[in-house]
Structures are given as structure tokens and as C-alpha cells.
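Novice: What follows is a predicted structure for the sequence shown.
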Amino acid sequence: MEKSIENFVDYYKSTLRIEECNPESYSPLSLAYIGDSIFDLMIKTMVVSKGNKQSRKYHDEVSKIVCAPAQAKMMHGIKDNLTEAEHAIYKRGRNANIYTSAKNCSISEYRNATAFEAILGYLYLNEDFVRLADVVKMALEVLNSNAEEKNADPDNKTDEALKDETNIDSEYVADGSGD
């Protein structure tokens, strides 16, 4: 890990009295809880760094990226590039018992977004910041390529078709593994 990152992490952990943890022992929803915040902070930092503008414009730009449908698309696109440990977290996050109802998205999208956030939370709590940045970069590339394809090819798959491809129930029933 880079020296300045180490110094920051050490400083904030000691100042705020943050205890060491074992992310593997955390529930997938706990991992998703922190992963949601980390992803939101990373995207907000990226958007704000592009220049000064009204906060509403920041919000609109960030909301398009951090919403569950976008996260589900990103998860679908990076799934094959996950490490074995990340794939295990993905499955746990996707199959978690979610007790809230999804807003403005299907349950499949919500589950895949939860899995995405769980992976980010896992990487953050493991202090694997390089891999965290790499996963977010891959995810954003997927989102950008989907947007470019949509603009270039009017006959591309609809959001409904993508939902069908990422449907947890059909995947789970197909091979019994939940994967």
C-alpha cells in the first residue's frame, strides 16, 4: 500500500479508535452497508473533481451511477473478473435475505446491486484499496460501454432483457448452486 494511504489509514483508525475486523465474518448486508458508502464517496469524489458546479447537478450525475439498476449492470459486467474470494462475497451478497423493498428496480437488480456493494465493502474492510479502485474502474468502464452501445446501436438489448439475464431465480434454479 502506498505510504500516504497507510499514514491516513493508520491515523484515522487510531484517532477514531477503529478496531481490526475480519470482513469474511461479516454478514453480506453489513458488507453492502459499508460498500454503499464507499462507492458513493468514490463516485462523488470523481464527479466533484471534474469541476465546480451546482450541487443539484452533482447529485443528478452521481445518482445515475450509484443507483441499483446501474450497479446491477456493473456487477453483471465485472462478474467474470472477480477473484475467488470476491466471487464468494458476490454469491453471499446476491443471495442475502433482503428485508427492504426495492425502489425503482426489480428484485434481481436490487440483489445484484447488493452483491456489488458487498464486494466493495469487503475490499474496503480488508484495506485492499488498490483492488477496490480497480473493481470500481472496471465497473465504470462497463457502465460507460453500455451507454456507448445504447447510443450507437438502437437494436441493442433493452433494460428488460438485461434484467432477464441477471435474474437470480432462473440462475439459482438452473444449476442449483445459486451461481
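Specialist: Thanks, I have the structure now. Residues are numbered from 1 along each chain as shown.
Novice: could you say which helix or strand contains residue 90?
Specialist: Element membership for residue 90 (DSSP states H and E) is helix 84-94.
Novice: just checking, what packs against that helix?
Specialist: Other helices and strands packing on helix 84-94, by 3 or more C-beta pairs under 8 Å, 6 or more residues apart in numbering; DSSP states H and E, are helix 28-49, helix 107-125. Every C-beta, even on glycine, is put in place using the N, C-alpha and C of the backbone.
Novice: okay, the angle between it and helix 28-49?
Specialist: Helix 84-94 runs at 100 degrees relative to helix 28-49, counting by axes from the mean of the first three to the mean of the last three C-alpha atoms, to 10 degrees.
Novice: Next, the buried residues of helix 84-94.
Specialist: In terms of neighbour count (16 or more other C-beta atoms under 10 Å), helix 84-94 has its buried residues at 86-87, 89-94.
Novice: Residue 6: which of the residues you listed is nearest?
Specialist: Ranked by distance to residue 6 (C-beta to C-beta), these are led by residue 86 at 22.8 Å.
Novice: What separation do you get for that closest one and residue 122?
Specialist: 7 Å (C-beta to C-beta, to the nearest Å).
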